[in-house]
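J.: Here is my input, please return the structure:
(one chain, ligands or ions: 1)
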Amino acid sequence: MSGLRPMHDHTHISPTAVTEPREHSHIVAPATPHLHGHQGHTRAMHRPAPSVAISVDGVCAGYFGRDVLDEVSFDVAQGEFVGVIGPNGSGKSTLLKVLAGLLPVQCGAVQLFGLPPGPQTQRMVGYVPQSEAINWSFPVTVTDVVLMGTYAKLGFLHRPHQRERDAAAHAIEQVGMSAFADTQIGQLSGGQQQRVFVARALVEQPRLLLLDEPIAGVDATTQHAIFTLLEDLQQHGTTIVVTTHDLSCVAEWFDRVLCLNHRVIAYGKPESVLTRETLSATFGSHVLFGAAVAT
Ligand code: ADP
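T.: Residues are numbered from 1 along each chain as shown. Predicted coordinates:
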């Protein structure tokens, strides 16, 4: 990837550095989810530098007292495009929910542009959940869904004006879905549904875009179209975090890759994490090594 993207020097590794995004080029053993009471997790407050979009510092989070994320730490610089990879159940969606402010942390801290996730960051963050988490039988059209992206700024009680409608129509055009503007979302294919949610993100113009498995179940052409759109957003300054279990897209699109298996197994540039050693540590022995592997 080239063009307007910011330059990052991520080769320096220092667990104590607070002015540079942190990389975890080492590999640690995957953790199994565990129960604990979170006493004794008092940590020195991590202060992210202004150029840091996401700071995750020693975060534990999960459901019903059972941790899915175990002391997860990483930083994402503003304008970076980061992929989160890991096997099913490794906590990728959970991590995005934490970043979106939808799931509280049990220990550690998250900051988005220097603020904890919450009302202040809501307008800055666009979150596209997994396709199966969306009720596709909800009787709304493509235009309705994309217009919802303007509600974050307008507020739910304000009806969108012509300006918002024009912006929605433009975003729908950008993702090649103009012919489906009045179609109910339940009638769309998986790839078309993903395009609609990317359009919603386009119209929302978030500073940070979180997408959970945006290319799951879509064909190669649509995958490429979605990533091209995301790259375009990135080149306009948007920070993007995408989860995927598809390793084939990792080297081509992401600036950095977070290998997650409840813990951070590795975090770095694609070429440094796409190794047999790292992928085995992330996915266990079941990973199929293909062209994605660097060595
Ligand atoms: P991934 O996205 O990597 O597949 P998830 O974050 O969805 O992983 O899930 C991690 C673990 O958390 C899994 O064991 C899953 O069953 C559990 N989990 C996810 N969502 C919930 C929930 N709403 N309630 C209880 N457990 C959940």
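
J.: Just the element for the nearest residue to residue 58 once chain neighbours are set aside, please.
T.: Nearest residue to residue 58, sequence neighbours excluded (CB to CB, 6 or more residues apart in numbering): residue 108, at 3.5 Å. C-beta coordinates here come from the backbone N, C-alpha and C atoms, glycine included. When elements are assigned from DSSP states H and E, residue 108 belongs to strand 107-112.

J.: Which strands or helices does that strand pack on?
T.: Counting contacts by 3 or more CB pairs under 8 Å, 6 or more residues apart in numbering; DSSP states H and E, strand 107-112 is packed against strand 52-63, strand 66-77, helix 92-99.

J.: if we can go back for a sec, you'd agree the residue nearest to residue 58 is up against residue 70?
T.: No: in this structure, residue 108 is not within contact of residue 70 by CB atoms under 8 Å, at 10.0 Å.

J.: Mutual contacts of those two, please.
T.: residue 60 (CB atoms under 8 Å, 6 or more residues apart in numbering).

J.: mind listing the strands for the stretch 151-295 of the chain?
T.: Secondary structure of the stretch 151-295 of the chain (DSSP state E, counting those that start in this stretch): strands at 208-212, 239-244, 256-261, 263-268.

J.: Would you mind listing what in the stretch 51-200 of the chain touches the ligand?
T.: 63, 68, 86, 88, 89, 90, 91, 92, 93, 94 (CB under 6 Å from any ligand atom).

J.: Give me the buried entries from the residues you listed.
T.: 68, 86, 90, 91, 92, 93, 94 (16 or more other CB atoms under 10 Å).

J.: ok, now how distant is the residue positioned nearest the centre of the chain from the ligand?
T.: The residue lying closest to the centre of the chain (CA atoms, centre = their mean) is residue 241, at 2.7 Å. From residue 241 across to the ligand, the span is 13 Å (CB to the nearest ligand atom, to the nearest Å).

J.: any idea how far that residue is from residue 267?
T.: 12 Å (CB to CB, to the nearest Å).

J.: so which helix or strand takes in residue 126?
T.: strand 125-128.

J.: if we can go back for a sec, the buried ones among the residues of the stretch 51-200 of the chain next to the ligand into CSV, with extra columns for pLDDT?
T.: Converted to CSV, these look like this (pLDDT from 0 to 100):
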residue, pLDDT
68, 97
86, 94
90, 96
91, 97
92, 96
93, 96
94, 97
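
J.: List the beta-bridge partners for residue 112.
T.: Taking DSSP bridges, one finds residue 54, residue 115 as the beta-bridge partners of residue 112.

J.: Residue 184 now?
T.: residue 141.

J.: That one reaches residue 141, doesn't it?
T.: Yes: counting by CB under 8 Å, residue 184 touches residue 141, with 5.9 Å between them.

J.: wait, which of the helices and strands packed on strand 107-112 is closest to residue 191?
T.: Closest to residue 191 of the helices and strands packed on strand 107-112, according to CB to CB: helix 92-99, at 20.0 Å.

J.: how far away is the residue with the largest distance to the centre of the chain from the ligand?
T.: When distances are taken from the C-alpha mean of the chain, residue 162 lies farthest, 30.8 Å away, according to CA atoms, centre = their mean. According to CB to the nearest ligand atom, residue 162 and the ligand sit 39 Å apart.

J.: Please apply the same query to residue 70.
T.: 11 Å.

J.: what about the stretch 1-150 of the chain, any weak spots by pLDDT?
T.: 1-50, 132-133 (pLDDT under 70).

J.: hmm, back to that, next, the angle from the strand holding residue 108 to helix 92-99.
T.: Following axes from the mean of the first three to the mean of the last three CA atoms, to 10 degrees, one obtains 70 degrees for the angle between strand 107-112 and helix 92-99.

J.: Using CSV, write out the CA atom coordinates for strand 107-112.
T.: Extracted as CSV, the C-alpha positions of strand 107-112 are listed here (Å, rounded to 0.1, in the frame of the first residue of the first chain):
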residue,chain,number,x,y,z
CYS,A,107,-8.9,-4.8,34.2
GLY,A,108,-6.5,-2.6,32.3
ALA,A,109,-7.5,0.5,30.3
VAL,A,110,-8.5,1.5,26.8
GLN,A,111,-8.2,4.9,25.3
LEU,A,112,-9.3,6.1,21.9
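
J.: Following the chain past it, name the next helix or strand.
T.: Strand 107-112 is succeeded, C-terminally, by helix 119-122 (DSSP H and E).
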